[in-house]
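**Student:** Predicted model and sequence below, questions to follow.
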Amino acid sequence: MILELNGNAGSYCTTVTAAFQIRNDKTITKMDLRRKNIDDNDIKFVSEALHNNETITDLDLSQNKIGNTGAQHLAEALQNNKSSSMLTNHYGGQRNRTGVEGAKYFADALKTNKTLTTLDLSFNRIGDVGVKCLSNVVQKNTSLMNLILGKQYGGIGDTGIQCLSNALRENKTLIMLDLSYNRISDIAVQYLADALRNNQTLITLDLTANRIENNGLQYLANALTDNKTLIHLKLKENLGSYSTFIGSIIEFRKDKTLNTIKFEQKQIGDNEARFLADEFRNNNTITELNLSYNEIDDSGAQYTVDALKNSKVLTILNLSYNKITNDGIQYLNETLKQNNTLVQLELQGNPSSYFTAVSAAVQIRNDKTITKMDLKDKSIGDSEIKFVSEALHNNESSSMLTKLYGDQVNVIGDEGAKYFADALKTNKTLTILDLSWNQIEDISAQYLADVLRNNQTLLVLDLEGNRIKDNGLQYLYNALIDNKTLIKLELQGNDGSYCTTVSAAVQIRNDKTITKMDLRRKNIDDNDIKFVSEALHNNETITDLNLSQNKIGNTGAQHLRDALQNNKTLKILTLSHNEISDIGVQHLANVLQNNTALITLNLKSNQIGDIGAQYLADVLRDNKALITLNLESNQIGDVGAQQLAFALKNNGVSNFFYFSIFEVNCSICSDTSQYGRCSQNSACGCFHMIGAQNDGIYVDFLWKSCSNLDLCDSSTNTCDKVDHICVHHPRCNSHSVCYSLSMIDPRICPPIT
C-alpha cells in the first residue's frame, strides 16, 4: 500500500507520508527528507515510526526547522532503534535550529543506541555546552564513527574542544571528526594535539577555517609526529601561514607510497621553508619536492638545501619563481656539490642571473643519462658560465654540451672562455662545445687553444660569430697542429680573414672521413690559402679540393705547389675564377712534373697567357696522369694554343682533355700558308687529307652540307669523341665543330677519319 499526501492543506503531509513508508516498506533503507520545511511538530510522526524500525539506516533531515523539541523526539526514537546508522540533522538557513538542549537529547540517545555510526549536527548552534554533553557520551560510545559538528552558529570554542579532546583520549571507534568553521584557537588545538598523540583510531580531522595561528599549527604537527593513524588533516583558511601545507605533511608521513610533494603557490616564506626543512631533513622517500611560486628568499633556500643536501633519494627540487637572489643561488650550488642524486634543480623566475647556469651545473654533475646540454639564449655571461665550467671538470656523463648561442643574449667573453679552458684540462667526455655568437676575442682563443693542444676528446668546437682576429686565428692554428681529435672548428663570422681556411685546415688534418673540401666563394687570398696548403702536405684522404671564385694569385699557387709536390691523394683541383697568371701557372706546372695523382686541373677564368700555356705544354709532354685540363676564358693567344696542341699531340696517353672553344679568326687561317687554299675555309669544315709529304688534298665546300665533322654539345662545348676539342670559326655561321687533337694545328685543318 502506498500513501500519497502531497499537495494537501495540512503541514503534516510530508512527515505522515514518510512515517507510513517507514513502518510498512521493508525494502527501503534510506529516507531523504531534506528541505521539506519540517518543524518540531512535524518530526514527531517520523520519530514515532522509527522506534521499532529495522530497515532504515540513513535518515537525512538537513535544511529543515527542527529545533530542540524535534531533537528530543528524534533522540527518543534512537534510544531503542536497532537499524539507523546515519542521522543528518543540519540546517543552512537563519531560522530555529538545534541548540544545547537538543545536543543533550542526542547525547542521551547515544548512551543506549548501538547502531548509529554517523551523527551530522553541522549548521546548528550546540555551542561549547552542547559539545560537552556529547563529549561525555562519545568517551564511552562504541558505535559512533563519524561526528560532524562543523559550521556551528556562534562556533565551538576552547572549552568545548577541551571536553572533546578528553573524550578522544578514551574513544576507540571515532574515525572522522569535523570541526570546521568554528572558533578553535591555538589553545584549543593544543588540547586536540595532546589527545591525538596516542590516538589510534581517528583518520580524518577537519579544522578548516578556524582561528589557529602558526604556533598552534606547529604544535599540532609536532604532536602528530608519533601518531600512526591520522592521515587527513584539513587546515585551510586558518590564520597561520603553515595551514597551507601541514595537512599535506601529515598525509605524507602516513602514506609511504607518496614520493612527490607539490607545495606550489602556498605563500611559503622563510619561516615556512624552515619548518619544511626540519620536516624533510631525514626523509628517505621524497623523490620530488615542488616549492615553486612561493615567497622563499635566500634564507629559505638555505634552510631547504641544508636539510636536503644529504638526501639519497631526492631527484627533483623545484624552487622556481621565488625570491632567491645570486647569493642564495650560489649557496645552493656550493651546498649541492655534496649531493649526487639530485638531477633536476628548477630555479627559473628568481631574481638572479645565476639560475640557469646553476641548474645546468647540478644536472651535469649528477645526471648520468644526459648527453646534451642546451643553454642558448639564456643571458649567460662570464660570471654565470663558471658554474657550468666547474661542473665539467670531473664530469663523466655529459658527452655533448651544445647550443650556447648568444644571439646578442649570451655574453661569454675572455673570463668565461678561460673557465671552459680550465674545465677541458680534466674533462674526459666532452665532444662538442658550442660557444658561438659570444664575445670571445684573441686572448680567449689562446686559452682554448693551449688546452686543446693535448685534448683527446673534443671533436667539435664552435666559435662562430665572435671577435677573434687574425692573431688569434693564427694562434689557434699553430696550437692545433698536434691535436689529432678535433675534426670541426667553426670560425666564420669572426673579425679575422683566416676563419675559413683555418677551419678547413683543421678538418683536413684530422677528419679521416672527408674526401671532398668545397671552399668556393670564401674570399680566400694568398695569405689565407697557406693554412690549407700546409694541411695538405701529408693528407691521405682529400681527393677533391674546390677553391674556385676566390682571390688566389701567384703566391697562393706557390703554397699549393709546395703542398702537392709529395701529395699522393688529391685527384681534382679546381682553381677557376681566381687571379693566377703565368708565374702562378709555372708553380702548378712544377707540380705536374712529379705528381702522378692529379687527374683534373681546372684553371678556367684566370689570367693565364701564352707564357703560362708554354709552362703547361712543357710539362704535359711527359705527364701521363692528367685527364682534364680546363683553360677556358684565360688570355692564351695563338702561340700558347699552338704549344698546347703540340704538347697534347705528343702526349702518349689517349685520355680526354677538355678545352674551351678556340676562337679562330681569318687572319690566323691566312697565315697558315702550309695548308694552301684549305687555310681559308678549313675552320668551316674543309674536307682535307694530309699525305706523307704534307701535300693537302681538299674539296672546297661549306660545312653545313659537306663536312664530316660533328657538332659540339652546345650546352657544355664538349665533344662526344675521345681526343676531340671544340673549335669555332666566324665563317661557320656560329656553329662549333669537333676537331681531332691528332692534327698538326687543331684550330685550322682537321684530318678526316
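**Tutor:** Okay, I see it.
**Student:** burial count for the nearest residue to residue 145 once chain neighbours are set aside?
**Tutor:** With sequence-adjacent residues excluded and distances taken as C-beta to C-beta, 6 or more residues apart in numbering, residue 145 is closest to residue 117, at 4.5 Å. For the C-beta atoms, the positions are set from N, CA and C on the backbone; glycine is no exception. Burial measure for residue 117: 17 neighbouring residues, criterion other C-beta atoms under 10 Å.
**Student:** Return the distance of residue 117 relative to residue 214.
**Tutor:** 35 Å (C-beta to C-beta, to the nearest Å).
**Student:** Secondary structure class of residue 194, three-state.
**Tutor:** Classification of residue 194 by DSSP: H, G, I helix; E, B strand; the rest coil places it in helix.
**Student:** residues touching it, list them.
**Tutor:** Counting by C-beta atoms under 8 Å, 6 or more residues apart in numbering, residue 194 touches 165, 223.
**Student:** low pLDDT regions in the stretch 201-350 of the chain?
**Tutor:** Filtered on pLDDT under 70, the stretch 201-350 of the chain yields no residues whatsoever.
**Student:** Dump whatever helix or strand residue 639 lives in to CSV, restricted to CA.
**Tutor:** In the assignment (DSSP states H and E), residue 639 maps to helix 638-650. What follows is helix 638-650, C-alpha atoms only, in CSV (Å, rounded to 0.1, in the frame of the first residue of the first chain):
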residue,chain,number,x,y,z
ASP,A,638,97.6,31.6,-80.9
VAL,A,639,101.1,30.9,-79.8
GLY,A,640,100.1,29.4,-76.5
ALA,A,641,97.4,27.4,-78.0
GLN,A,642,99.7,26.0,-80.6
GLN,A,643,102.2,25.0,-78.0
LEU,A,644,99.5,23.2,-76.1
ALA,A,645,98.3,21.5,-79.2
PHE,A,646,101.8,20.2,-80.0
ALA,A,647,102.2,19.0,-76.4
LEU,A,648,99.0,17.2,-76.4
LYS,A,649,99.8,15.6,-79.8
ASN,A,650,103.0,14.1,-78.4
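**Student:** tell me what it is packed against?
**Tutor:** Other helices and strands packing on helix 638-650, by 3 or more C-beta pairs under 8 Å, 6 or more residues apart in numbering; DSSP states H and E, are helix 610-620.
**Student:** angle of the helix it packs on against helix 638-650?
**Tutor:** 10 degrees (axes from the mean of the first three to the mean of the last three C-alpha atoms, to 10 degrees).
**Student:** Toward the C-terminus, what is the element adjacent to helix 610-620?
**Tutor:** strand 628-630.
**Student:** I'd say residue 563 and residue 538 touch.
**Tutor:** No: judged on C-beta atoms under 8 Å, residue 563 makes no contact with residue 538 at a distance of 9.4 Å.
**Student:** List the buried residues for stretch 714-722?
**Tutor:** Within stretch 714-722, the residues that count as buried by 16 or more other C-beta atoms under 10 Å are 717, 718, 719.
**Student:** what about dumping the CA coordinates of it to CSV?
**Tutor:** C-alpha atoms of stretch 714-722 as CSV (Å, rounded to 0.1, in the frame of the first residue of the first chain):
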residue,chain,number,x,y,z
SER,A,714,76.1,23.4,-77.3
SER,A,715,75.4,23.4,-73.6
THR,A,716,78.8,22.2,-72.4
ASN,A,717,81.0,22.9,-75.5
THR,A,718,82.3,19.4,-75.4
CYS,A,719,82.7,16.5,-77.9
ASP,A,720,81.5,13.0,-77.5
LYS,A,721,84.5,11.5,-79.3
VAL,A,722,87.6,10.9,-77.3
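**Student:** For residue 343, which non-adjacent residue is spatially closest?
**Tutor:** Nearest non-adjacent residue to residue 343 (C-beta to C-beta, 6+ apart): residue 367, at 4.1 Å.
**Student:** Quick check, pLDDT for the one you found.
**Tutor:** pLDDT recorded at residue 367 is 88.
**Student:** Look at it and say how many residues are nearby.
**Tutor:** With other C-beta under 10 Å as criterion, residue 367 counts 17.
**Student:** Quick check: it vs residue 238, distance?
**Tutor:** Taking C-beta to C-beta, one finds residue 367 at 40 Å from residue 238.
**Student:** which sections of the stretch 51-200 of the chain are below the confidence cut-off?
**Tutor:** Ranges of the stretch 51-200 of the chain meeting pLDDT under 70: 81-96.
**Student:** residue ranges for the helices of it, please.
**Tutor:** Secondary structure of the stretch 51-200 of the chain (DSSP state H, counting those that start in this stretch): helices at 68-80, 100-112, 127-138, 158-170, 186-196.
**Student:** Tabulate those (CSV), appending distance to residue 384.
**Tutor:** Formatted as CSV, these follow (distance: least, C-beta to C-beta, whole Å):
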stretch, distance to residue 384
helix 68-80, 70
helix 100-112, 66
helix 127-138, 60
helix 158-170, 54
helix 186-196, 46
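**Student:** what about those, which gets the closest to residue 523?
**Tutor:** Checking the helices of the stretch 51-200 of the chain against residue 523 by C-beta to C-beta gives helix 186-196 as the closest, at 79.7 Å.
**Student:** For residue 459, which of the helices of the stretch 51-200 of the chain is the nearest?
**Tutor:** The nearest among these, by C-beta to C-beta, is helix 186-196 at 63.2 Å.
**Student:** Work out the gap between that closest one and the centre of the chain.
**Tutor:** 50 Å (C-alpha atoms, centre = their mean, to the nearest Å).
**Student:** count of residues packed around the closest residue to residue 184 other than its chain neighbours?
**Tutor:** Spatial nearest neighbour of residue 184, excluding adjacent residues (C-beta to C-beta, 6+ apart): residue 210 at 3.9 Å. Around residue 210 there are 27 other residues, counting by other C-beta under 10 Å.
**Student:** so residue 210 makes contact with residue 187?
**Tutor:** No: using C-beta under 8 Å as the test, residue 210 is too far from residue 187 to be in contact (11.7 Å).
**Student:** before we move on, the earlier item: would you list the phi and psi of the residue nearest to residue 184?
**Tutor:** As for residue 210, its main-chain torsions (degrees, to the nearest 10) stand at phi -110, psi -150.
**Student:** Report the contact partners of it.
**Tutor:** So residue 210 contacts 179, 180, 181, 182, 183, 184, 185, 189, 238 (C-beta under 8 Å, 6+ apart).
**Student:** Now do the closest residue to residue 427 other than its chain neighbours, the pLDDT please.
**Tutor:** Closest residue to residue 427 apart from its sequence neighbours, by C-beta to C-beta, 6+ apart: residue 392 at 5.0 Å. If you check residue 392, the pLDDT there is 81.
**Student:** For burial, what's the neighbour tally of residue 392?
**Tutor:** Counted with other C-beta under 10 Å, residue 392 comes out at 25.
**Student:** Would you mind confirming that it makes contact with residue 430?
**Tutor:** Yes: counting by C-beta under 8 Å, residue 392 does reach residue 430; the two are 6.4 Å apart.
**Student:** Look up which helix or strand residue 725 falls in, please.
**Tutor:** Using DSSP H and E, residue 725 sits within strand 724-728.
**Student:** Mind checking the pLDDT average for that strand?
**Tutor:** For strand 724-728, mean pLDDT rounds to 67.
**Student:** try stretch 442-452
**Tutor:** Mean per-residue pLDDT for stretch 442-452: 91.
**Student:** circling back to that earlier point, quick check: the residue nearest to residue 184 vs residue 193, distance?
**Tutor:** Taking C-beta to C-beta, one finds residue 210 at 13 Å from residue 193.
**Student:** what kind of secondary structure is the residue nearest to residue 283 when sequence neighbours are not counted in?
**Tutor:** Closest residue in space to residue 283, ignoring its immediate chain neighbours: residue 311 at 7.1 Å, by C-beta to C-beta, 6+ apart. With three-state DSSP as the basis, residue 311 sits in coil.
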